[in-house]
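S.K.: Using only what follows, build the 3D model:
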Amino acid sequence: MPLVRISTMKQTNEFKKALSNIVYKTMVQAMNVPEHDNFQVISEHDETSLVYDQEYLGIERSSGIIIIQITLNEGRTLETKQAFFRQLASRLHDELAVRKEDVFINLVEVKKENWSFGNGIAQYA
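M.R.: Model prediction:
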């Protein structure tokens, strides 16, 4: 059910593969996303096409910023979302040396009937 969009500055293929894997595994563990429900779009940018404020809300961001937007079914609790944010930032820091300050996450919740996984069918409707 989630569709993940990840925007980052240019990275190695190994980094992108690890990043993708960490995001997926953390969704499964922290947000109860089903196994094999893994759909991601990873976009690489240069400094002119990934725009961010380096100090918004007192958080010092660097060019290592990673913006992760996840569209998913509505209904998770605030506590579940907060735990996911913490776990994902920690795992990216521990496993890929990404600064926690550079992990920007946005969840977009939608109703189940807004998905078609193929064949022109709304599988969850």
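S.K.: Next one: residue 42 from residue 24, what distance?
M.R.: Taking Cβ to Cβ, to the nearest Å as the measure, residue 42 falls 12 Å from residue 24. Every C-beta, even on glycine, is put in place using the N, C-alpha and C of the backbone.
S.K.: the strands in the protein, which residues?
M.R.: Using DSSP state E, the strands found in the chain span residues 3-9, 40-45, 66-73, 103-110.
S.K.: can you pull the contacts of the closest residue to residue 65 other than its chain neighbours?
M.R.: Counting by Cβ to Cβ, 6 or more residues apart in numbering, residue 102 is the residue found nearest to residue 65 once chain neighbours are left out, at 4.5 Å. Counting by Cβ atoms under 8 Å, 6 or more residues apart in numbering, residue 102 makes contact with 61, 62, 64, 65, 66.
S.K.: try it again with 6 Å
M.R.: Contacts for residue 102 (Cβ atoms under 6 Å, 6 or more residues apart in numbering) come out as 61, 62, 64, 65.
S.K.: measure the first one to residue 35 for me?
M.R.: Counting by Cβ to Cβ, the gap from residue 61 to residue 35 is 33 Å.
S.K.: Ok, the last one next?
M.R.: Residue 65 is 30 Å from residue 35, where distance means Cβ to Cβ.
S.K.: distance of residue 70 from residue 16?
M.R.: Residue 70 is 17 Å from residue 16, by Cβ to Cβ.
S.K.: I'd like to know how many residues surround the closest residue to residue 59 other than its chain neighbours.
M.R.: Among residues not flanking residue 59 along the chain, residue 101 sits closest, at 5.2 Å (Cβ to Cβ, 6+ apart). Residue 101 has 16 neighbours, counted by other Cβ atoms under 10 Å.
S.K.: what sits against residue 101?
M.R.: Residue 101 is in contact with 59, 60, 61, counting by Cβ under 6 Å, 6+ apart.
S.K.: Residue 20 versus that one, what's the distance?
M.R.: Distance, residue 101 to residue 20, by Cβ to Cβ: 21 Å.
S.K.: Ok, residue 65 next?
M.R.: Look at residue 65 and residue 20: by Cβ to Cβ, they are 17 Å apart.
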